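Student: give me a model of this one.
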Amino acid sequence: MVYLPPAFTEKRPDVLMNHIQQYDFGLLVSHGPAGLVASHIPFLIERAGDQFHLHGHLARPNPQVADLAGGGEVLAIFLGPHAYVSPNWYATGPSVPTWNYADVHAYGTVQLVDDEEWLRGFLVRLSERHEARNPIAWRMQDLPDTYVETMLKGIIGLDIAVTRLEGKYKLSQNRPAADRPGVIGALEAQDNYDSRAVAHLMREREPI
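Tutor: Modelled structure (predicted):
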């Protein structure tokens, strides 16, 4: 479980789901006979009523596949923007440096999917999602069938039935209201995406 002080806890399902969709290159963590093992993989969310699943895939030689074959609980971590916060940005003090960030932990039970049709459909959806950003989209369907079949033999699918979501949005909520504008302004002035994204999340949560 992640340490979740009440001030930093995000429970709204729509916020948590949108976070996973935006930061969908997750870290899959499982535990096997040799201990903890982790893989960075892209995920897709599949909804089924009130239940939702995370779909992904691994290379068959990945030793994590053997650990996942037994089922059990796994953890997928979706890290969002994060940024260093200097005490110089506060209006009050004394204080120390900290880090603001947003992440979501998804816990669930996993099943391996060794089905060519399932894998093919998953990979088409995955590539279409990310190719949509490009002016000319690459299409898996344009590849020779024999080539695709060979590539599919090298991977195995993952179906994680999510049982619990935990969101942590640490965005200076524990600081006096007078301190937060200085943090937001300083982060917006930084020349990097993460700092500005953290500032945006902070502005969204400021009282109107």
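Student: sketch out the low-pLDDT regions of this structure for me.
Tutor: Within the chain, the set of residues satisfying pLDDT under 70 comprises 208.
Student: where exactly do the strands run in it?
Tutor: Counting by DSSP state E, the segments of the chain that form strands are 9-10, 25-32, 35-42, 44-48, 51-59, 73-85, 98-113, 155-170.
Student: please produce TSV containing the ones you listed, extended by mean neighbour count and distance to S127.
Tutor: To be clear about C-beta, it is placed using only N, CA and C from the backbone, and glycine gets the same treatment. Converted to TSV, the strands of the chain look like this (neighbours: other Cβ atoms under 10 Å; distance: least, Cβ to Cβ, whole Å):
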stretch	mean neighbour count	distance to S127
strand 9-10	17	30
strand 25-32	17	14
strand 35-42	13	10
strand 44-48	13	11
strand 51-59	19	12
strand 73-85	19	20
strand 98-113	19	17
strand 155-170	19	13
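Student: which of those sits closest to V183?
Tutor: strand 73-85 (5.8 Å; Cβ to Cβ).
Student: now for the closest one, which elements pack on it?
Tutor: helix 13-22, strand 25-32, strand 98-113, strand 155-170, helix 180-188, helix 193-205 (3 or more Cβ pairs under 8 Å, 6 or more residues apart in numbering; DSSP states H and E).
Student: that older thread, so for N192, which of the strands of the chain sits nearest?
Tutor: strand 73-85 (8.0 Å).
Student: export the closest one to PDB, keeping only CA atoms.
Tutor: Coordinates of each C-alpha in strand 73-85 appear next as PDB, following Å, rounded to 0.1, in the frame of the first residue of the first chain:
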ATOM      1  CA  GLU A  73      -2.200  -9.800  -7.100                       C
ATOM      2  CA  VAL A  74      -0.100  -7.400  -9.100                       C
ATOM      3  CA  LEU A  75       0.500  -3.600  -8.900                       C
ATOM      4  CA  ALA A  76       0.600  -1.200 -11.800                       C
ATOM      5  CA  ILE A  77       2.000   2.200 -11.000                       C
ATOM      6  CA  PHE A  78       1.200   5.200 -13.200                       C
ATOM      7  CA  LEU A  79       3.500   8.100 -12.400                       C
ATOM      8  CA  GLY A  80       2.300  11.600 -13.500                       C
ATOM      9  CA  PRO A  81       4.100  14.900 -13.400                       C
ATOM     10  CA  HIS A  82       6.500  15.600 -10.500                       C
ATOM     11  CA  ALA A  83       8.700  18.600  -9.500                       C
ATOM     12  CA  TYR A  84      11.100  19.800  -6.900                       C
ATOM     13  CA  VAL A  85       9.700  22.500  -4.600                       C
END
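Student: partners of the spatially most central residue of the chain in the sheet?
Tutor: Centroid-nearest residue in the chain: F78, 2.1 Å away (criterion: Cα atoms, centre = their mean). Going by DSSP bridges, F78 is paired in beta bridges with V104.
Student: so W99 touches A83, yeah?
Tutor: Yes - counting by Cβ atoms under 8 Å, W99 does reach A83; the two are 7.1 Å apart.
Student: surely the residue nearest to the centre of the chain meets H19?
Tutor: Yes - using Cβ under 8 Å, F78 makes contact with H19 at a distance of 6.2 Å.
Student: what touches both of those two?
Tutor: Counting by Cβ atoms under 8 Å, 6 or more residues apart in numbering, the contacts common to F78 and H19 are D103, V104.
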